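Undergrad: Sequence first, then the predicted structure, then my questions.
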Amino acid sequence: MTLCSVNVGLPRDVSWRGTTVTTSIFKEPVQGRVALRTLNLDGDRQADLSVHGGEHKAVYCYALQHYAYWRRELDDASLPIGAFGENFTIDDFDEQSICIGDRLTVGSAQLVVTQPRLPCHKLALRFQSLDMVKRFLASRRTGFYVAVTQEGDVGAGDKLAMIARDPEAVSIADITRLYVARDYSDADAALAQRALQVRALPASWKEHLRERVNR
């Protein structure tokens, strides 16, 4: 995997449906090397820490190849890198190949995969489209969040290397499917039980999965 772009942004006020919303979803690529710290990249900050940011969402990663899909879907050939609010735009990965708890290196930093992205109204604001949240989740092109286990510096062109695979092998695609499923089959329940064993999966996700299994 290759880090194609490092994108950062600071909170700004944006008008949306008759109100003013503070958001950091507008990210732009930066040149050179950037310090990656425990909670974010230098030059980047989350606007609403109640739902964004924190150690489990330090960096949001999205696939470069998804842009071709969205340019067709949105009929927007000019859709810029960083449009989905990602910090890292990465080539050569998909949500089925990355698992919760996988450990990666990039530049001099080390990361652990924690969860997929669940879209909120800020994505609708970014695209000025009320149905964008639904379309994003339905596409299953969610990307993923990572925690920073070792601070370092990163830059476009760096390789992302897998240094350890989580033994439970619950992929980003798997965990997203479990989240949106109306009902659980026996296989789904077994997969959810495996996910509960993954140390890197945040407590809020584990609580949701336990409720679904018990239901």
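TA: Done, it's in. Numbers count the residues shown, from 1 in each chain.
Undergrad: Could you report the neighbour count for the closest residue to Gly54 other than its chain neighbours?
TA: Closest residue in space to Gly54, ignoring its immediate chain neighbours: Leu39 at 7.0 Å, by C-beta to C-beta, 6 or more residues apart in numbering. In this view, the C-beta of every residue, glycine as well, is placed from N, C-alpha and C. By other C-beta atoms under 10 Å, the residues close to Leu39 number 17.
Undergrad: Equivalent analysis for Leu36, please.
TA: Residues contacting Leu36 under the criterion other C-beta under 10 Å number 28.
Undergrad: show me where this structure has strands.
TA: 2-8, 12-16, 19-23, 28-29, 34-36, 59-63, 88-91, 103-106, 109-116, 144-150, 152-154, 160-164 (DSSP state E).
Undergrad: Kindly reformat those as TSV and extend each row with mean pLDDT.
TA: Shown next, in TSV, are those (pLDDT from 0 to 100):
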stretch	mean pLDDT
strand 2-8	98
strand 12-16	89
strand 19-23	90
strand 28-29	96
strand 34-36	97
strand 59-63	97
strand 88-91	98
strand 103-106	98
strand 109-116	98
strand 144-150	97
strand 152-154	98
strand 160-164	97
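Undergrad: The ones you listed: which one's closest to Ala190?
TA: Set against Ala190 and scored by C-beta to C-beta, the strands of the chain come closest in strand 109-116, at 19.6 Å.
Undergrad: Can I get that closest one as CSV, trimmed to CA atoms?
TA: What follows is strand 109-116 as a C-alpha-only set of coordinates in CSV (Å, rounded to 0.1, in the frame of the first residue of the first chain):
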residue,chain,number,x,y,z
ALA,A,109,5.0,6.0,12.7
GLN,A,110,3.2,2.8,13.7
LEU,A,111,-0.6,2.4,13.6
VAL,A,112,-3.4,0.0,14.6
VAL,A,113,-6.7,-0.3,12.7
THR,A,114,-9.6,0.4,15.0
GLN,A,115,-12.9,0.7,13.1
PRO,A,116,-14.7,1.7,9.9
